[in-house]
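K.L.:
Give me coordinates for this.
(one chain, ligands or ions: 1)
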Amino acid sequence: MGVRARPVVTGIYRWPQANPQYDVGHLARMRVMEAMVAADLPGLHLTGSAYRGVGLPDCIEQGRTTAEAVVARVEEAMKQQRHGYFPA
Ligand SMILES: Cc1cc2nc3c(=O)[nH]c(=O)nc-3n(C[C@H](O)[C@H](O)[C@H](O)COP(=O)(O)OP(=O)(O)OC[C@H]3O[C@@H](n4cnc5c(N)ncnc54)[C@H](O)[C@@H]3O)c2cc1C
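P.N.:
This is a model prediction of the structure:
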């Protein structure tokens with residue numbers, strides 16, 4: 001905008017009850033947790049504001065991705081059952 005004048009009024013307003021912030025290292029912990037779940041609990045999906053973004057667009061995207069993964073897993077299980085394979 002090219003504004004060069006010093007501000008007349010400044011202030012910092014903190015909202016401690018606002019949206020939560022993830023701790024430093026959150027994404028690294030997420031990767032470890034998702035790998036553990038995929039290895040030990042296939043079929044369990046983690047999704048929502050606790051994981052990869054608290055905003056509604058983030059939650060919607062996560063929900064869609066998870067729904068697609070669930071559908072793919074169910075379709076695969078149905079295909080295997082049609083061919084006589086019953087997973088434990
Ligand atoms: C007041 C407020 C205003 C916000 N405004 C905005 C905004 O303007 N823009 C924006 O992008 N984001 C906004 N957010 C953030 C956003 O709404 C949330 O981060 C998002 O809705 C979280 O989605 P979620 O699916 O992870 O969790 P939730 O929407 O909380 O859904 C969790 C669901 O699980 C259900 N549930 C919980 N426990 C159990 C159980 N044991 N068994 C079965 N069901 C259970 C709950 O009933 C709920 O329906 C706002 C949040 C708040 C609180």
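K.L.:
Give the burial count for residue 39, as a bare number.
P.N.:
8 (other CB atoms under 10 Å). The way it works is simple: take the backbone N, C-alpha and C, and place the C-beta from them, glycine included.
K.L.:
Secondary structure element holding it?
P.N.:
Assessed by DSSP states H and E, residue 39 sits inside helix 26-40.
K.L.:
Which residues does that helix contact?
P.N.:
44, 46, 51-52 (CB atoms under 8 Å, 6 or more residues apart in numbering).
K.L.:
Buried residues, that helix. List them.
P.N.:
The neighbour-count criterion (16 or more other CB atoms under 10 Å) identifies no buried residues in helix 26-40.
K.L.:
after it, next one along is what?
P.N.:
Following helix 26-40 in sequence order, the next helix or strand is helix 56-82 (DSSP H and E).
K.L.:
does the ligand sit close to that following helix?
P.N.:
Yes - Helix 56-82 comes into contact with the ligand (CB under 6 Å from any ligand atom), by way of 56, 59.
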